[in-house]
Each structure stands twice: as C-alpha cells, then as structure tokens.
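*Asks:* sequence-free structure coming up:
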C-alpha cells in the first residue's frame with residue numbers, strides 16, 4: 001500500500017481493442033480535458049502485472065518465462081512467427097496491455113499506477129479564457145488530478161481573469177507530420193515571427209485567437225511583446241508547406257530524433273490520418289492445418305517419421321497406439337499427411353537460415369483454410385470448436401454452396417507491428433508506406449489482444465467459380481476493374497515515393513476475379529445477418545479465402561470476435577441451420593438486385609482517370625464499417641453476384 005498522492009498518474013481508460021486499432025503506440029488520444037500521446041514499448045512496465053499473475057496461480061513467473069505457462073502473455077505460435085518474419089527474430093512474446101484489477105476498490109493502490117504510459121501532446125497549450133498560448137513545460141499553467149476515482153477529470157489550468165480562477169487549458173490543436181512517420185509540435189513562435197526571433201523578448205507571450213468561419217482554418221497567432229501577427233491559414237495547403245521548415249525527424253513516442261528531409265504537413269489534433277495501425281491477426285486453429293488428421297500425425301510423429309513409403313503403413317497400423325488412432329482414414333490419406341508434415345519440418349528447418357526481407361505479408365490464411373475445407377474437422381478445444389450437420393448444405397442451396405461449417409467457438413489473436421502516418425498501410429505490400437517503429441531498438445515483444453467468438457464458414461463450389469472466371473475473364477467490366485487497380489497502384493506509389501512507377505509491378509497484389517465474388521457475397525450476407533442475429537454489424541468480421549489458378553479455394557468466414565461475452569451467445573451459429581440459411585441467402589441475394597441509389601449505383605464502373613476499386617456498390621447496398629471489412633470496402637461489385645445488368649457476369653444468374 002502506498003501513501004495517497006495529490007498527483008494521480010492515471011488520466012483515463014481505453015479498451016484493449018482501442019490500443020490495437022484506434023489509440024495504439026504513437027497515436028494521439030483525446031481525453032476530456034487534454035490529449036496525450038501513447039509512448040513506445042521501451043517505457044511500458046510489466047513488473048507488477050507478472051508478479052500479480054504469479055500470485056494468482058501460485059508461481060513466480062518472470063518476464064522471460066515460457067509464455068504457455070505465463071497467464072500474463074498471449075500464446076499463438078502462428079501469429080508470433082508472422083510477426084518475426086516482418087519485424088525481427090528478436091520478438092519472442094505477444095503481450096496484452098499492462099493492467100491490474102482493483103482501481104475501483106483501492107484507487108490508491110498499485111493498480112492505479114499500472115497501465116499504458118502516455119505524455120501530454122501537443123506540447124503547446126491554450127487557455128480557454130484568455131487565449132494565452134504557451135508550452136506545457138513553462139510555468140504558465142498548472143495541473144491537477146486529485147480525484148482518484150475520477151481520473152478523467154484530470155486537467156491543466158491557468159489562473160487568470162478576475163479573482164485568478166482556475167480556467168481550463170486545452171492543447172493547441174495543430175501539429176506537424178511527414179510521410180516518414182514523424183510527428184512534431186507546430187512551431188508557433190517561429191511561425192508568427194516568420195522564422196526569426198522576437199525582437200522585444202527572448203520568451204514572449206503568444207496568444208491564439210480562433211475567429212471561426214466556414215472556409216478552412218481561421219486561427220490568428222499574435223505576439224503581445226512585438227505585435228507580430230499571423231494567421232494559421234498561411235501554413236495550410238501546398239503553398240503553406242513551402243513556408244514551413246523541414247521536418248526535424250521527431251518521434252515523440254520514442255523521445256528521439258532521426259534524420260529527415262521531408263516537408264511536413266499541418267494536421268489538426270484528432271485528424272483521422274495522423275495514425276494508422278499496422279496489424280496482423282490469426283485464428284487459433286489446431287496446429288497442422290489439415291484438420292484432425294494432421295494434428296494426430298504431428299502428435300505421433302516420433303513413430304511416423306520412420307515410415308519411408310506407404311507400404312509400411314499396414315504394419316504400423318497393427319501396433320498400438322497407431323492401430324486405433326487412424327481408423328478414420330485410409331492409407332493414402334495418412335501417407336499424404338505424413339509427407340505434408342515432413343515437408344513442413346523441412347521448411348521450418350530452412351526458415352532458420354537468414355533470408356531476404358519478405359515482399360508481402362506472411363500467409364496466415366492457408367492453415368485456416370485447410371482446417372475449414374478438411375473433410376474431418378478437429379476435435380473440439382477451448383479455442384476452436386466446429387462441426388457440420390449430417391447434410392451441411394440445404395437442398396435448395398446445392399448449387400450455391402458446397403459446404404457449411406458452424407464454428408461454435410473460435411479465438412482470434414491480433415498483434416500490432418507498427419504504424420504509419422498520413423497514409424494507411426497497403427494490404428498487399430507492407431513496404432510501400434514507411435512503417436514507424438514501436439521501440440527505439442529491435443523489440444523483444446509486441447502489443448497483442450485476443451478475443452473470442454463464433455462464426456459460419458461458407459464454401460462455394462469450385463466448378464462454379466472456375467466456370468464463372470472463364471466467362472468474365474475477357475469482359476469489359478472485369479477489364480476496367482483491373483485497370484483501375486493498376487492506376488490505384490501507380491497513383492499511390494508516386495505520391496509516397498515521388499519516383500517513376502515500376503510497370504512490372506503494376507498489377508502485383510490484385511486479388512483476382514473470384515475475390516470480387518466472395519467479398520461481395522460476404523458483405524451481402526453480413527448486412528442481412530446483422531439484422532437478425534442480434535449482433536451489432538460493427539461486431540461482425542470477415543475472412544475471405546480466395547485462391548488463384550494454382551490454388552483453388554473459395555470460402556468465406558463470417559464471425560464475431562469481441563472482448564466481452566457478446567461474442568459467444570450463439571446467435572450467429574444458429575443462422576447456419578438449413579432453414580435459416582436458405583431464408584438468409586434468399587433475402588441477401590434478392591436485396592442485392594436493387595439499391596435506392598440505382599441507376600447510379602448499378603451502372604458504376606471505374607474509368608480512366610478514376611482509381612476507385614468498386615463497381616456497383618455504395619453505402620446503401622454493400623459498404624460496411626471499417627472494423628468489419630478486411631479491405632476497406634474495396635473490390636466490391638453486385639453485378640458479379642446477381643444479374644443486375646448482364647446475367648453472364650453474375651455467378652448466380654438465378655436466385656434460389
């Protein structure tokens with residue numbers, strides 16, 4: 001127990017998911033009375049968390065202990081390997097945010113001092129009464145946080161006006177950011193004096209007056225000592241950037257500066273483009289990726305690794321435990337699984353050698369696809385439980401789906417590997433936008449979160465998708481979608497690098513025609529399911545399993561994974577029952593035939609110089625929230641699912 005302190009370090013609270021997608025390392029978090037910036041991983045402290053975890057289970061777990069034995073860490077080997085491939089082999093742990101229970105019962109205890117470290121940012125603040133503009137480290141302003149049970153009421157104040165009352169002080173709302181990911185305070189003192197110093201005083205008093213208006217920013221900065229006066233509008237836009245100094249290369253979350261030759265952009269605190277997270281996510285599926293068979297091969301590998309050819313299998317089956325562990329499968333299936341596991345072992349051994357930096361993101365979907373597409377689903381576990389009905393696809397939907405898997409329980413683990421500023425990370429090319437590091441040196445861990453929920457997996461017939469791909473391969477609509485993707489790549493590459501575009505990689509990362517079908521169908525079902533399953537539409541998510549010519553796969557996982565109990569209520573899985581699935585599919589496809597924005601929506605196709613990546617799709621008929629869509633509402637077109645114009649373009653020319 002510690003003595004009560006009038007200065008409370010705790011200034012607010014956020015959910016774990018916010019630290020991954022909204023308010024993570026390097027981001028500005030708006031609190032009720034001021035804003036803060038989340039500091040880098042070097043300043044996060046877990047000593048109290050690990051000690052508390054050890055006390056709860058009767059052990060003493062240190063920071064370096066095996067994460068499978070440490071309840072304060074998150075275990076997901078596939079995701080950890082992907083993080084290591086993109087960042088560094090030094091990353092050995094996935095950690096949740098530091099947190100301890102007990103702030104409500106004991107607001108003066110250690111729980112109140114355990115959390116994510118932040119620093120007030122921007123460093124310039126303004127009095128809401130007298131408009132005084134000064135740095136936070138000056139003596140002009142005070143700070144109070146004397147209510148342990150109400151940390152959100154912490155505030156900076158200025159004693160001014162009649163009676164020197166404590167007037168609220170807020171952060172000055174302009175900052176600088178550059179495409180290299182640097183963030184800095186706006187240079188008010190230099191700006192108002194046109195790059196020089198005040199001739200009347202070394203540290204003059206500045207004032208910020210917001211004049212309002214509806215034509216951009218109209219904020220006046222003036223110096224009381226020398227009378228210098230300047231409007232913030234002069235720093236805005238392309239011309240304004242030329243008047244600003246070069247970027248100082250500041251990373252305030254790391255407390256360091258790096259070399260930079262970019263011209264910064266002026267941003268308003270709270271701008272949506274000041275921070276974009278770069279995250280990876282994986283479902284905790286059983287190891288092996290091929291379902292129950294691969295899991296058992298891995299379990300008994302010490303016995304099976306000596307099998308040199310399939311002719312030895314009958315003899316191996318005659319001895320326990322193999323005599324009863326593989327009764328479900330034929331010798332051919334077992335031999336294929338043995339060869340697959342042997343190949344994985346060889347690939348893992350080769351992976352220990354140093355390789356070049358990967359061009360794309362690690363593949364986290366293939367093991368999940370193998371689980372869902374396997375004829376034998378794995379045994380139920382606390383992290384993954386899935387099953388099929390005796391007749392998984394209703395007779396009325398035989399030509400529409402080839403398989404339906406009901407996932408009663410799943411666990412999704414998300415890890416943050418960095419962030420960007422001004423431009424979001426590319427979903428196919430992790431190197432296109434400059435990633436800002438989370439720590440000053442190579443990290444040994446990264447922030448992560450885990451959520452649990454349920455889902456429904458739908459697989460489309462491969463012959464249906466193959467036939468449809470041949471039909472639309474040379475169509476005008478698909479050609480225009482592909483060309484729009486090439487323009488999108490060119491514009492984005494040139495804007496970020498300023499270099500000529502490499503024609504060889506113009507179409508690198510284009511998902512292909514079948515992705516449009518699967519993605520559009522997923523959105524149609526999500527919008528329909530959200531009206532009936534009881535979940536908020538923003539709580540639903542999708543994973544699209546779309547292959548290519550050499551990798552035939554075509555499936556959709558619609559699932560909910562949220563931090564609370566809402567993710568496991570069973571409302572989503574219940575809609576995969578035959579009678580419910582028929583009704584939902586009929587409704588989703590029927591509603592896709594029309595949109596209240598038609599004919600503008602149904603006739604939309606990108607044409608030069610447009611580079612938007614959707615066709616017949618809009619907020620009325622297809623778009624969903626950012627937390628739901630895995631590709632930011634791109635690669636969507638109703639004409640590829642239902643016949644809204646040319647029936648030959650629709651994968652389902654007739655509705656069920």
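*Replies:* Nice, I can see it. Because the structure is predicted, anything quoted here is derived from the model rather than measured.

*Asks:* switch to C-alpha atoms for all contacts and neighbour counts from now on
*Replies:* Noted.

*Asks:* Endpoints of stretch 18-29, how far apart?
*Replies:* 10 Å (Cα to Cα, to the nearest Å).

*Asks:* List the buried residues for that stretch?
*Replies:* 19, 20, 21, 22, 23, 24, 25, 26, 27, 28, 29 (16 or more other Cα atoms under 10 Å).

*Asks:* for stretch 382-401, same thing?
*Replies:* Buried, per 16+ other Cα under 10 Å, within stretch 382-401: 383, 384, 385, 386, 387, 388, 392, 393, 394, 397, 400, 401.

*Asks:* quick one: contacts for the closest residue in space to residue 642 that isn't next to it in sequence?
*Replies:* Leaving aside its sequence neighbours, residue 642 sits nearest to residue 650 (Cα to Cα, 6 or more residues apart in numbering; 4.9 Å). Listed by Cα atoms under 8 Å, 6 or more residues apart in numbering, the contact set of residue 650 reads 468, 639, 640, 641, 642, 643.

*Asks:* could you flag which of these are buried?
*Replies:* Judged by 16+ other Cα under 10 Å, buried ones among these: 468, 639, 640, 641, 642, 643.

*Asks:* Could you tell me which of those are located in helices?
*Replies:* Of these, the ones assigned to helices by DSSP state H are residue 468.

*Asks:* Now tabulate the buried ones among the contacts of residue 650 in TSV and tack on pLDDT.
*Replies:* What follows is those, written out as TSV (pLDDT from 0 to 100):
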residue	pLDDT
468	94
639	95
640	96
641	96
642	95
643	94
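
*Asks:* Okay, and the beta partners of residue 407?
*Replies:* Note on residue 407: beta-bridge partners by DSSP bridges are residue 386, residue 455.

*Asks:* My guess is it contacts residue 455. True?
*Replies:* Yes. Applying Cα atoms under 8 Å as the test, residue 407 and residue 455 come out as touching, 4.9 Å apart.

*Asks:* Looking at those two, which one has more neighbours?
*Replies:* A side-by-side neighbour count of residue 407 and residue 455, using other Cα atoms under 10 Å, places residue 455 first with 29 against 24.

*Asks:* so what's that one up against?
*Replies:* Here residue 455 is in contact with 406, 407, 408, 409, 410, 557, 558, 559, 560, 572, 573 (Cα under 8 Å, 6+ apart).

*Asks:* Among the buried ones among the contacts of residue 650, find me the one that's closest to residue 232.
*Replies:* Distance to residue 232, by Cα to Cα, is smallest for residue 639 among these, at 47.5 Å.

*Asks:* where do the strands sit along the stretch 101-250 of the chain?
*Replies:* Using DSSP state E, counting those that start in this stretch, the strands of the stretch 101-250 of the chain run over 118-120, 124-127, 132-135, 142-144, 155-160, 165-171, 174-177, 183-185, 206-210, 219-223, 229-231, 250-251.

*Asks:* Closest to residue 629 out of the buried residues of stretch 18-29?
*Replies:* Closest to residue 629, out of all of the buried residues of stretch 18-29 and judged by Cα to Cα, is residue 21, at 13.6 Å.

*Asks:* if I read this right, the closest one contacts residue 280, doesn't it?
*Replies:* No. Judged on Cα under 8 Å, residue 21 makes no contact with residue 280 at a distance of 11.1 Å.

*Asks:* Including pLDDT and secondary structure, could the contacts of residue 455 go into CSV?
*Replies:* Output for these, formatted as CSV (pLDDT from 0 to 100; DSSP: H, G, I helix; E, B strand; the rest coil):
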residue, pLDDT, secondary structure
406, 94, strand
407, 93, strand
408, 91, strand
409, 90, strand
410, 91, strand
557, 96, strand
558, 95, strand
559, 93, strand
560, 88, strand
572, 86, coil
573, 88, helix
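
*Asks:* So which of these is the closest to residue 268?
*Replies:* residue 560 (33.8 Å).
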